[in-house]
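Student: here is a sequence together with a model predicted from it:
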Amino acid sequence: MAKSYAQINEKIKNGDAVVVTAEEVIEIVAKRGIKEAAEYVDVVTTATFGPMCSSGAFLNFGHSDPPIRMSQIMLNNVEAYGGLAAVDTYLGATQPSTDQGIDYGGAHVIEDLIAGKSVHLVAKSQGTDCYPRTEIDTWVDINDLNEAYLYNPRNVYQNYNAAINTSAKRIFTYMGILKPNMGNVTYSTSGQLSPLLNDPLLRTIGMGTRIFFGGAQGYVSWMGTQFNTACSRDENGFPLTPGATLALIGNMKEMDSRYIRGAAYEKYGTSMFVGVGIPIPILDEEMMKFVSVTNKDLTTNIIDYSVQGKSRPTIKNVSYEELRSGSVDISGKKIKTSPMSSLKMAREIAGELKNWIQKQQFYLQEPVTQFPMANTVNGLEIRKAEK
Amino acid sequence: MVVKKLLLSFPQGSAGEPVAMELIKTYNLDFNILKAFIDDNIKGTLLLEVRGENENIDNGMTFLREHQVGVREIESVIEVNHDECVDCGACTAVCAVDALEMDSDFNLIHHEDKCLECMQCVQACPMRAIRALI
């Protein structure tokens, strides 16, 4: 029997909704079967907590007296974009600071703002007739800002690859430090708990889907960049290579700095750990089948990051269960596997979202529109002249 | 007999005194110098593995403190700040001896006794939550 969003929300309102995490649901399906589980469970919560570089914040500082049309903007010595209106800016997560480099960057400023800390704002301008001020030097915290919202162009990658290094020297990547001669493998996923792996064909996740975002209630605002729904899939619809991504939006004033953390990857750059939880409504048996996926069923490719080209070779295709086991076998050699995203925090977030729904603090939002399912990703051609 | 790892820090200007020598002689301790260096401010650091009677080691530590030498018993030269740590696992990727390891629930576990002091985890930690004591 199919359920509608309205029916599930009614159950949430009455305190009757059965809400479980994407890990807990696996056991329920194993015991009761897909059909019965689909009737019993109403919502399955998914989550991830990993480094997501394509993140940042829109901020509005309010006007000083006399006002300034900010063109060069620094927040704790991290440059923010000056190409918007007078006191609007976008602060990118990966922008390093001029004094501490990658150890303190845009992501750390965002974390500090969410934590309620005061941030040093220095801005310059040419000065105009209506905005005469040419310099400003002040301190602001999140309560001083008119608006502060995260707008992350690409988060929660569906089925990202794992990494290895076949070269003879150590390399430093956003997938961590990769030891020479295939000394280790790193991977970044919450696997069977991962949002987009529990709704592989994006039936319930689209524009407007309400989510847990950095401890606040946020929304899916668009498809993410490098959205690749035309990726190859297994017979059940699960991507075999990196697939969909999401653009997310949420109010920083309602967030918790426990779930938004600045990070620094040695000899690579600044990034941001982003906590995201997405509820999946169990509309019918097909959705229950999707959310019952396990690490055994999901596979990804181990890619050679030592090849400095666009087409990096796949060394091996492995299941998430193998990656989670602590080692994989490659050509008879046992190689250690290490996670880059926090399963512990992902579990906490899936549990927290479940709590919100059970306490009638969070209701499901049906997508305003679905995302395209045959989207491909272009590379960048280097041309000698305009097309 | 017990074995302890001691981290000694010598204040500026004390490099000329044979404190370590006296420590060994007076308190009948065997030791292994694991690391020794003097920094730009002429402050010295000495990492010792000391073997001896527990009482002698304790008295030796008191003796050092009386001579203005900072002394701290440590298990490992790295310190994980669990308040900053998010249990991502990035440090375990570089740890060759599994001194840093994820348990079955994917919490980070630090087996201090296994550490070989390669310090690669300090670089690998994206939260900068691992500090080197030397």
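Tutor: Yes, it's here.
Student: residues of chain B that sit close to chain A?
Tutor: Taking Cβ under 8 Å from any Cβ of the partner chain, the part of chain B that reaches chain A is made up of B:86-90, B:92-94, B:102, B:105-107, B:120, B:123-124, B:126-128. Using the backbone N, CA and C atoms, a C-beta is placed for each residue, glycine as well.
Student: centroid residue for the chain?
Tutor: Unless you meant another one, I'm taking chain A. Geometric centre of chain A, nearest residue: residue A:155, 3.0 Å, by Cα atoms, centre = their mean.
Student: nope, chain B
Tutor: By Cα atoms, centre = their mean, chain B has its centre lying nearest to residue B:77, at 3.7 Å.
Student: over to the residue located most distally from the centre of chain A. Which of the three states is it?
Tutor: The centre of chain A is farthest from one residue, residue A:129, which by Cα atoms, centre = their mean lies 42.5 Å away. Three-state call for residue A:129 (DSSP: H, G, I helix; E, B strand; the rest coil): coil.
Student: hang on, the earlier thing: which ones are touching the residue nearest to the centre of chain A?
Tutor: Residues near residue A:155 by Cβ atoms under 8 Å, 6 or more residues apart in numbering or on different chains: A:52, A:54-55, A:224, A:245-248, A:274, A:276.
Student: distance of it from chain B?
Tutor: For residue A:155, the distance to chain B (Cβ to the nearest Cβ, to the nearest Å) stands at 16 Å.
Student: helices along chain B, start to end?
Tutor: Shown for chain B, the helices assigned by DSSP state H span residues B:19-27, B:54-66, B:120-124.
Student: now swap in the stretch 201-350 of chain A and tell me
Tutor: Along the stretch 201-350 of chain A, the segments classed as helices by DSSP state H, counting those that start in this stretch run A:285-291, A:320-324, A:343-358.
Student: what residues does chain A have near chain B?
Tutor: A:49-51, A:103, A:176-179, A:184, A:186, A:261, A:263-266, A:271, A:273, A:326, A:336, A:338-345.
Student: any of the residues you listed buried? List them.
Tutor: When these are checked for burial by 16 or more other Cβ atoms under 10 Å in any protein chain shown, the buried set is A:49-51, A:176-179, A:184, A:186, A:261, A:263-266, A:271, A:273, A:326, A:336, A:338-345.
Student: inside strands: which ones of the residues you listed?
Tutor: Within these, residues falling in strands by DSSP state E are A:49-51, A:176-178, A:186, A:261, A:263-265, A:271, A:273, A:336, A:338-339.
Student: the residue nearest to residue A:233 when sequence neighbours are not counted: neighbour count?
Tutor: For residue A:233, ignoring the flanking residues on the chain, the nearest one in space by Cβ to Cβ, 6 or more residues apart in numbering or on different chains is residue A:239 at 5.6 Å. Applying other Cβ atoms under 10 Å in any protein chain shown, we find 23 residues neighbouring residue A:239.
Student: OK, contacts around residue A:239?
Tutor: A:158-159, A:200, A:231-233.
Student: again, 6 Å this time
Tutor: Counting by Cβ atoms under 6 Å, 6 or more residues apart in numbering or on different chains, residue A:239 makes contact with A:158-159, A:231, A:233.
Student: what does residue A:77 give?
Tutor: Neighbour list for residue A:77: A:97-99 [criterion: Cβ under 6 Å, 6+ apart].
Student: cool, residue A:127 as well?
Tutor: Contacts here follow Cβ under 6 Å, 6+ apart; on that basis residue A:127 touches residue A:134.
Student: wait, a strand at residue A:57?
Tutor: Yes. The assignment for residue A:57 by three-state DSSP puts it in a strand.
Student: in the least confident helix or strand in chain B by mean pLDDT, which residues are buried?
Tutor: Taking mean pLDDT, DSSP states H and E as the measure, chain B has helix B:19-27 as its least confident helix or strand, at a mean of 83. Neighbour counts over helix B:19-27 (16+ other Cβ under 10 Å) mark B:19-20, B:23-24, B:27 as buried.
Student: circling back: okay, and the beta partners of the residue nearest to the centre of chain A?
Tutor: With DSSP bridges applied, residue A:155 shows beta-bridge pairing to residue A:246.
Student: ok so, going back, are any of the residues of chain B next to chain A buried, and if so which?
Tutor: Buried members of the residues of chain B next to chain A, scored by 16+ other Cβ under 10 Å, are B:86-90, B:92-94, B:102, B:106, B:120, B:123-124, B:126-128.
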